[in-house]
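> The following block contains a protein sequence and its predicted model.
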Amino acid sequence: MLKRLSIAQYVRHLRRYQHIFSVFARHGFGFAISLLPAEPGWLRGAAPMPEARRLPVHFRLALEELGPTFVKLGQMLSTRPDLLPPDYIAELAKLQDEVPPVSWAEIREAIEEELGQPPEALFAHINPESMAAASLGQVHAARLHSGEEVVIKIQRPNIRPTLETDLQILQDLAHYAERYTALGQVYRLEEIAEDFADTLHNELNYRREGRNADRFRQNFARERYLYIPKVYWELTTERVLVLERIYGIKIDALGALDAAGHDRHKVASHAARMIIKEVLQDGFFHADPHPGNFLVMEDGVIAALDFGMTGYLSEEDRVNLIRIYAVAVRLDAHGVVDELVHIGAAPPDVERRALARDIEGLLRRYHSLSLQEIRAAEVLEEVMPIIFRYRLRLPSNLWLLGKTLAMLEGVGLKLDPAFDVFEFSEAHVSRLLLGSVLPNRRWLEGLMQRGLVWSDLFETLPRAALQLIERINQREPIPLSVDDRILNRADRLVTRLSLSLIISGMIVGLALVVPTLAQSHLILQVIVGLGFALSLGLGLWLLLSIVWKK
């Protein structure tokens, strides 16, 4: 957790505060300084506020001018449509994270400091010209003494003090805004600042990035269409990462792919299989799938690079997605609202009728279209205004997933205009729907846990019964006194309640399976139909038994 700034730190960071506010004022955001207790004198020459349509552009330019911390902040904000309007989100997606490279002398010193030896002792050759330079680090090609070609990712020297200062300032501004501004009454700004700091600290730890690469390699060990470069752990530290060098063609370089004889449809299919597996099966996905991070190797295999940004979906997240999907395909807008409240995305006091009306309009616009006509990027564009209007707080990983799917779809459409990510995923979603309502490992684990509770009960019940019998024999008063009539009535009530829960569970479970039946075998359709008939018959029998025995 970041500590708030002390008076001494305020004084020490005063110049940075002044620079931050000056940059925003110069880009026309001087009006925002009214949030401060008093307007600083050095802001009196601030530029007038530009046209509203130009504000998102100036916001992006200001972030780029302020350096790496604010560039990363903008990238994080581009995944939060609940915080900013859609035009800001679209503009922040254009943020450039490219800067002039650090000199080779500084990079050489950083490698020696981290690895404890001169680079010449560890590498047979290092190209002093960088392959790529970003705000946090840069990459150099090298060769080991064993002859293996590698790339070295080195963190920019002295970047951490600057980042820590900026993070402390952002945390303090969030603290002030949350307590004294209208914006702070709506959003948990301090929590957002904390999450951003955690994300940035993770990105600064190259060991974590190496572990991500190893995890992807393990997850795709049986898949021949994806290749993950090897991590050289003996040469990797928190600030230096050494990876196997991969040669290939950028996945969106169409002319080069055609010249090399690659089947573009096959490449798009491989990319789709990758995202479906990592999202729906593994729950751990590459969250920065821009074309530069994927190369098509000579044999047509896709190589994935740069594992600094990843997303994680827990089993609960995936079940929640399935629940939302199940009600959405039935055009149940109120059901979607209920699910959004259930996962904490919408507050309990949300304007349910208005939100359901907007969601219903969105669902009906896409209901009549075939999967081939639906585009993930267009859906996201239509969803963003709804999220912002009702301040929906979608879990960041779910929104990151949406952006990942849209980016992948863009690459796929460029490779093959007939590419359809929804068609590829339909069968997998259907299997997940079935798995969520039919008995599986998760159900069995729950039964085992409840079995342990019943085991404890059966262990203590004989002892409690003996104590009760002893008190009866000694004619001691028993606190609870019931007769057979009350016990029988209670037994009937519990039985009816249990049957009601079982029948309700069967009906709800079968209802969730129904959307998948169109693509299912005839036998499964018959089984589901018989299940529905049995459930309705049991429900009718239970209803009649209650009426007759009143």
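Nice, thanks for sending it over.
> For stretch 331-351, measure first residue to last.
According to C-alpha to C-alpha, to the nearest Å, stretch 331-351 extends 19 Å from its N-terminal end residue to its C-terminal end residue.
> so where do the strands sit in this protein?
If you assign secondary structure with DSSP state E, the strands in the chain sit at 123-126, 132-133, 137-144, 149-155, 226-227, 240-244, 249-250, 284-286, 294-296, 302-304, 310-312.
> how about those strands in TSV, adding mean neighbour count?
All C-beta atoms are positioned from the backbone trio N, CA, C, and that covers glycine. As requested, the strands of the chain are arranged in TSV below (neighbours: other C-beta atoms under 10 Å):
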stretch	mean neighbour count
strand 123-126	16
strand 132-133	16
strand 137-144	19
strand 149-155	21
strand 226-227	20
strand 240-244	22
strand 249-250	17
strand 284-286	21
strand 294-296	23
strand 302-304	20
strand 310-312	18
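> Among those strands, which comes closest to F59?
Nearest of these to F59, taken as C-beta to C-beta: strand 132-133 at 24.2 Å.
> Can you list the helices and strands that the closest one packs against?
Contacts of strand 132-133 with other secondary structure elements, assessed using 3 or more C-beta pairs under 8 Å, 6 or more residues apart in numbering; DSSP states H and E, are made with strand 137-144.
> ok and the strand it packs on relative to strand 240-244, angle-wise?
If you take axes from the mean of the first three to the mean of the last three C-alpha atoms, to 10 degrees, strand 137-144 sits at 50 degrees to strand 240-244.
> contacting residues around strand 137-144?
Residues from elsewhere that reach strand 137-144, judged by C-beta atoms under 8 Å, 6 or more residues apart in numbering: 101-102, 107, 122-133, 149-156, 232, 242, 245.
> and that strand, what's its mean pLDDT?
For strand 137-144, the mean per-residue pLDDT is 96.
> Output that strand as CSV, restricted to C-alpha atoms.
Extracted as CSV, the C-alpha positions of strand 137-144 are listed here (Å, rounded to 0.1, in the frame of the first residue of the first chain):
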residue,chain,number,x,y,z
GLY,A,137,12.4,-0.8,-20.8
GLN,A,138,14.1,-1.6,-24.1
VAL,A,139,15.2,-4.7,-25.9
HIS,A,140,18.5,-5.8,-27.4
ALA,A,141,19.4,-8.8,-29.6
ALA,A,142,22.2,-11.0,-28.3
ARG,A,143,23.9,-14.4,-28.7
LEU,A,144,25.0,-16.7,-25.9
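> Could you list the paired strands of it along with their orientation?
Strands adjacent to strand 137-144 in the sheet, as given by DSSP bridges, are strand 123-126 (antiparallel), strand 132-133 (antiparallel), strand 149-155 (antiparallel).
> Would you confirm that Y187 contacts R80?
No: with contact taken as C-beta atoms under 8 Å, Y187 and R80 are classed as non-touching, separated by 9.6 Å.
> out of those two, which sits in the busier spot?
Shown here are Y187 and R80; by other C-beta atoms under 10 Å, R80 has more neighbours (21 against 18).
> Over to that one: give its phi and psi.
In this entry, R80 is assigned phi and psi values of phi -120, psi 80 (degrees, to the nearest 10).
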